[in-house]
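Colleague: Sharing a model prediction with you, sequence too.
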Amino acid sequence: MLPFKSLTSSKQLTPEIIKQIFTVVDQMAVSIENKGRIDLLDDKVVALLFFEPSSRTMMSFQSAAQRLKAGMVFAQNASSTSFEKGESLEDLIRMVEAYSDIIIMRHAQQGSADIAAKTSKVPFINAGDGGNEHPTQALIDAYTIHKEIGRLDSLNLVFGFDSLQSRSIHSLSRLLSQYKNNRFTFTGPKELEPSESLLAELQSTGTECVIASEVNLHDGYDVAYVNRLQEERFENRALFEENRRKYRLNKPDVENSGCLILDPLPRIDEICTEVDELPNAVYFKQASYGVPVRMALLAMLLGKA
Ligand code: CP
């Protein structure tokens, strides 16, 4: 059982809770391998509300629900729901809680996850709220690092290239700041450095945070976590155009560096496709962990694991 009803922020994910979740993730991975689908949630209905585009998060939650034999209800863009007629988020959630046992929502508005979680009588999972948080992605990222390196502490990490607007960077840096002796280097355009408030929050845990205009991955980094510039969140279009191809990992940047390369994807300009063949490029493996991680979360939040 988890000590919370809903997951809206990676701040809720302490090392002790993460350890418990990873144990269940490992069990789910074995169950996929051995049985494909199991009856664990065959008496449950999962609601998937995706009001911003998604491939991985939406389909891996669908796959997770299918593998646990849960039923599903969907809303896939705001214009096909009564949001279009002006219905509030609170009223929508009050309806959906009557149609399902757990609600998963992606929404463009920062803070929408907190509103939905407070309103909902059934468990709620934040699948991304604007540029704020993406806690289930952070769990997938941490699971990948743990599988590859065997620890989540004493890591020398690079985050790039849009630390200001990437909810995945916000959630993973918050999660990893709860472990001892991690060092974060944020790189990318000056205008897209992490906010002062995020930096202060991370530093308050004792995590060393550095800002660097450039990094060399051969300088002893354990992990580079890169993400596309978040085009849809730019108020200044010229800033996006000016920087979109300036920050990219090419094969020589990565080869023989010993640095693990993660990306929550979709990959746009931030990693050259030549990097894909390198053994330390693990972003597609990382995406594949979405299913067992989300199976574990569904089962645990519904009191079945
Ligand atoms: N990583 C991630 O959130 O991908 P999608 O936007 O495709 O769901």
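Modeller: Done, it's in. Because the structure is predicted, anything quoted here is derived from the model rather than measured.
Colleague: Do I have it right that residue 67 meets residue 295?
Modeller: Yes: judged on CB atoms under 8 Å, residue 67 makes contact with residue 295 at a distance of 5.9 Å. Heads up, the C-betas are built off the backbone N, CA and C, glycines and all.
Colleague: Now do the contacts for residue 220.
Modeller: residue 156 (CB atoms under 8 Å, 6 or more residues apart in numbering).
Colleague: cool, and the one 4 residues further on?
Modeller: For residue 224, the set of contacting residues under the criterion of CB under 8 Å, 6+ apart consists of 157-158, 160, 215, 217, 249, 254, 259-262.
Colleague: Please apply the same query to residue 154.
Modeller: Per CB under 8 Å, 6+ apart, neighbours of residue 154: 180-182.
Colleague: related to what we said a few turns ago, the more surrounded of residue 67 and residue 295?
Modeller: In this view residue 67 and residue 295 are compared by other CB atoms under 10 Å, and residue 295 has more residues nearby, 30 against 22.
Colleague: which SSE is that one in?
Modeller: helix 290-301 (DSSP states H and E).
Colleague: do that helix and the ligand meet at all?
Modeller: No: using CB under 6 Å from any ligand atom, helix 290-301 stays clear of the ligand, with a minimum separation of 7.9 Å.
Colleague: can you put the contacts of residue 154 in CSV and add neighbour count and secondary structure?
Modeller: Below are these laid out as CSV (neighbours: other CB atoms under 10 Å; DSSP: H, G, I helix; E, B strand; the rest coil):
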residue, neighbour count, secondary structure
180, 11, coil
181, 12, coil
182, 23, coil
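Colleague: Relative to residue 131, which of these is nearest.
Modeller: Within the contacts of residue 154, the smallest distance to residue 131 is 22.6 Å, found for residue 182 (CB to CB).
Colleague: hang on, isn't that closest one packed against residue 173?
Modeller: No: counting by CB under 8 Å, residue 182 stays clear of residue 173, with 9.0 Å between them.
Colleague: Tell me the confidence at residue 80?
Modeller: pLDDT for residue 80: 83.
Colleague: near the ligand, which residues of the stretch 101-250 of the chain show up?
Modeller: 128, 134, 137.
Colleague: In helices, which of the residues you listed fall?
Modeller: Counted as lying in helices by DSSP state H, out of those, are residue 137.
Colleague: what would the residues of the stretch 101-250 of the chain next to the ligand look like in JSON lines with pLDDT?
Modeller: Shown next, in JSON lines, are those (pLDDT from 0 to 100):
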{"residue": "128", "pLDDT": "98"}
{"residue": "134", "pLDDT": "98"}
{"residue": "137", "pLDDT": "98"}
